[in-house]
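>>> Any chance you can model this:
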Amino acid sequence: MRNIIKASILFILTLTAIASCTDYDDEIQSPIQNFIWKGLNLYYLYQAQVPDLSDDKFSTQKNLDDFLSTKGSPENLFESLIYNRKNIDKYSVIFSNYVELEQILSGNSKSNGLEIGFTYKNTTTNEVFGFIKYVMPNSDASSKPIQRGTIFYGINGVAMTQDRTTKQNNFSQPLNNDTYTINLADYDNGNITPNGQSITFTKTDYSENPVFYKNVYTVGAKKVGYLIYNGFYSNYETELNNAFAYFKGEGVTDFVLDLRYNSGGSIDTATRLGSMITGQFAGQVFSEQQWNTKIQPQFSANQLQNLFLNTLKNGAALNSIGMTKVYILTTSRTASASELVMNCLKPYINVVQIGVKTTGKNVGSITMYDSPNFSKKGANPNHTYAMQPIVLKTVNKIGFGDYATGIDPDISNILPENYGNLGQLGDVSEPLLAKALNLATLRIGNQTQNYKIYNEIFDNSVRDLDSEMYLDNYPEGLAKILK
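So this is what the prediction gives:
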């Protein structure tokens, strides 16, 4: 609709002929729904594939309002405008309270400190068991007798199941409660036998430092740095930089980056992590953004480039370790900004992936508020809705970004986690770390897969946004246009 877009894109009017008529001054009904439609009409990466978001769909504001009135709640409207939710856009979300969204994106949430995965007990029944991936420090769980590798079969005394066809389960809802009890089991060669023990956990406000663990292993003449990094949170960049100061001070010769449980986060922070691992490519292209056909022409090519950096956002110097090879540990939950780092380092250095195929998320989002330019400044005070829609695709220096089905390790480096013996993170005998240390130090020996392999079916991450990758700020060129 010509003049409705006019209000949405503001001064883009001077740069494009998207808008032409003058009936936008009609009284707007349903302001939240109008915000949703206009924001998606302008920014949504898949706008051209959604007929109800077409520029020519509505000729007047009243026509739009009439349409919006048929869609019910803001959430229902938003969902109706998503392109192929099952197969393409699995990630766009809307929140009725943007404070909650902001907290999640910064690593703050209510949590008991458990990072949990779930899988079917066997290949035929609907029975499910859970396993503890790791326990966060200074959390409720850290004070309980539980650790990585603990197995449980039930919650609040009810054995867990998930329908193999509908994917409906009986455990995700109890996990949303502030307090719940897990019923423990023994692995018992995959039989998952209840052992009569149970533990109760309570969620509190928790801020997750994604720099979970760091160490340097000396093996012969090699000094191998190891970092478990669990989320690209920009407010923890100083902690990340301090970890690399430690690696730099130790004079590491090789580096292992553990992204097994890192489902993504800030594109800017991912760029800085890539810069810390290397350091010799400052000013060169790390990644490029591809927006929809409305937004892309508003930029010059370099305005959508993310360059290797040598400073943090606060101006402090980056600590970099000059690697020409990096070993990256992955699971099916390695996603988004983690995959961005992997893909964008490949044109520059040797990236050796160990584990299994990653999630496959090559698209990113921005936070959109109900304001004239969709930023938080000037947001409508009458409600607190905000959207996090997919608005861009990322590619590396050579233009490659087609990994929507995931990134695979070489066949010789495929190594699923063994839920019967996960090992303790940071221990040199933990299978994935042991594999990386073997490769880095050219030692003889390989991890074998002589154990039962399960596919994870559900991840109760403390991060309420699954596999998120986002821009902290609008690109500079767009910000100037929308002033």
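>>> Next one: the closest residue to Asn41 other than its chain neighbours from Leu77, what distance?
Spatially, and ignoring its direct neighbours in sequence, Asn41 is nearest to Leu53 (5.0 Å; C-beta to C-beta, 6 or more residues apart in numbering). Any C-beta I mention is one placed from the backbone N, CA and C, and that applies to glycine too. Applying C-beta to C-beta, to the nearest Å, the value for Leu53 to Leu77 is 11 Å.
>>> what do the two both touch?
Shared contacts of Leu53 and Leu77 (C-beta atoms under 8 Å, 6 or more residues apart in numbering): Trp37.
>>> circling back to that earlier point, so what's the residue count around the residue nearest to Asn41?
By other C-beta atoms under 10 Å, 18 other residues sit near Leu53.
>>> How about Gly423?
17.
>>> Ser429 now?
By other C-beta under 10 Å, the residues close to Ser429 number 11.
>>> How about the one 4 residues further on?
Using other C-beta under 10 Å as the criterion, Leu433 is surrounded by 26 other residues.
>>> what's whichever helix or strand it is part of packed up against?
Of the helices and strands defined by DSSP states H and E, Leu433 is found in helix 431-441. The contact analysis (3 or more C-beta pairs under 8 Å, 6 or more residues apart in numbering; DSSP states H and E) places helix 431-441 against strand 211-219, strand 222-229, strand 254-258, strand 325-330, strand 350-355.
>>> Distance-wise, check Lys90 relative to Ile36.
From Lys90 to Ile36 the distance is 19 Å (C-beta to C-beta).
>>> just the helices in the stretch 101-250 of the chain please.
Assignment of helices within the stretch 101-250 of the chain using DSSP state H, counting those that start in this stretch yields the ranges 172-176, 237-250.
>>> Dump those helices into TSV; add mean pLDDT as well.
Output for the helices of the stretch 101-250 of the chain, formatted as TSV (pLDDT from 0 to 100):
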stretch	mean pLDDT
helix 172-176	93
helix 237-250	98
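>>> Need the winner for burial among the ones you listed.
Across the helices of the stretch 101-250 of the chain, the average number of neighbours (mean count of other C-beta atoms under 10 Å) peaks for helix 237-250, which reaches a mean of 18.
>>> hmm, back to that, right, so of the helices and strands packed on helix 431-441, which gets closest to Leu312?
strand 211-219 (14.0 Å; C-beta to C-beta).
>>> Where do the helices of the stretch 351-483 of the chain begin and end?
Using DSSP H, counting those that start in this stretch, the helices of the stretch 351-483 of the chain run over 431-441, 476-481.
>>> For the ones you listed, which has the smallest mean pLDDT value?
Mean pLDDT is lowest for helix 476-481 out of those, coming in at a mean of 54.
>>> Would you reformat the helices and strands packed on helix 431-441 as JSON lines and include mean neighbour count, mean pLDDT and distance to Lys203?
Output for these, formatted as JSON lines (neighbours: other C-beta atoms under 10 Å; pLDDT from 0 to 100; distance: least, C-beta to C-beta, whole Å):
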{"stretch": "strand 211-219", "mean neighbour count": "17", "mean pLDDT": "97", "distance to Lys203": "19"}
{"stretch": "strand 222-229", "mean neighbour count": "22", "mean pLDDT": "98", "distance to Lys203": "23"}
{"stretch": "strand 254-258", "mean neighbour count": "25", "mean pLDDT": "98", "distance to Lys203": "25"}
{"stretch": "strand 325-330", "mean neighbour count": "25", "mean pLDDT": "98", "distance to Lys203": "28"}
{"stretch": "strand 350-355", "mean neighbour count": "20", "mean pLDDT": "98", "distance to Lys203": "29"}
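>>> among these, which is nearest Val99?
strand 211-219 (25.1 Å).
>>> okay, the angle between that closest one and helix 237-250?
Put simply, strand 211-219 runs at 10 degrees to helix 237-250, going by axes from the mean of the first three to the mean of the last three C-alpha atoms, to 10 degrees.
>>> partner strands of strand 211-219, parallel or antiparallel?
In the sheet, strand 211-219 lines up against strand 222-229 (antiparallel) (DSSP bridges).
>>> Flag every buried residue along stretch 161-175.
Within stretch 161-175, the residues scored as buried using 16 or more other C-beta atoms under 10 Å are Thr161, Gln162, Asn169, Asn170, Phe171, Pro174, Leu175.
>>> Those residues in strands, which ones?
Per DSSP state E, strands hold no members of those.
>>> lowest-pLDDT helix or strand in the protein?
Between all helices and strands in the chain, the lowest mean by mean pLDDT, DSSP states H and E belongs to helix 2-9, at a mean of 40.
>>> right, and the helix or strand after that helix?
Counting by DSSP H and E, what follows helix 2-9 is helix 31-43.
>>> ok now do the nearest residue to Leu68 once chain neighbours are set aside, which residues does it touch?
Closest residue to Leu68 apart from its sequence neighbours, by C-beta to C-beta, 6+ apart: Gln33 at 4.1 Å. Applying C-beta under 8 Å, 6+ apart to Gln33 gives the contacts Leu68, Lys71, Pro74, Leu77.
>>> Recalculate using a threshold of 10 Å.
Contact analysis of Gln33 by C-beta atoms under 10 Å, 6 or more residues apart in numbering lists 64-65, 67-69, 71-74, 76-78, 385.
>>> Out of these, the closest to Asn292 would be?
Closest approach between the contacts of Gln33 and Asn292, by C-beta to C-beta: Phe78, at 17.3 Å.
>>> OK, contacts around that closest one?
32-33, 36-37, 39-40, 71, 92-94, 385, 387, 389.
>>> where does the chain dip in pLDDT?
1-27, 443-467, 474-483 (pLDDT under 70).
>>> hmm, 50 instead?
For the chain, applying pLDDT under 50 flags the ranges 1-25, 444-446, 450, 462-464.
>>> Tell me how many other residues crowd Lys377.
8.
>>> follow-up on the earlier one: neighbour count winner among Lys90 and Ile36?
Set Lys90 next to Ile36 and count neighbours by other C-beta under 10 Å: Ile36 wins out with 25 against 16.
>>> Alright, calling it a day.
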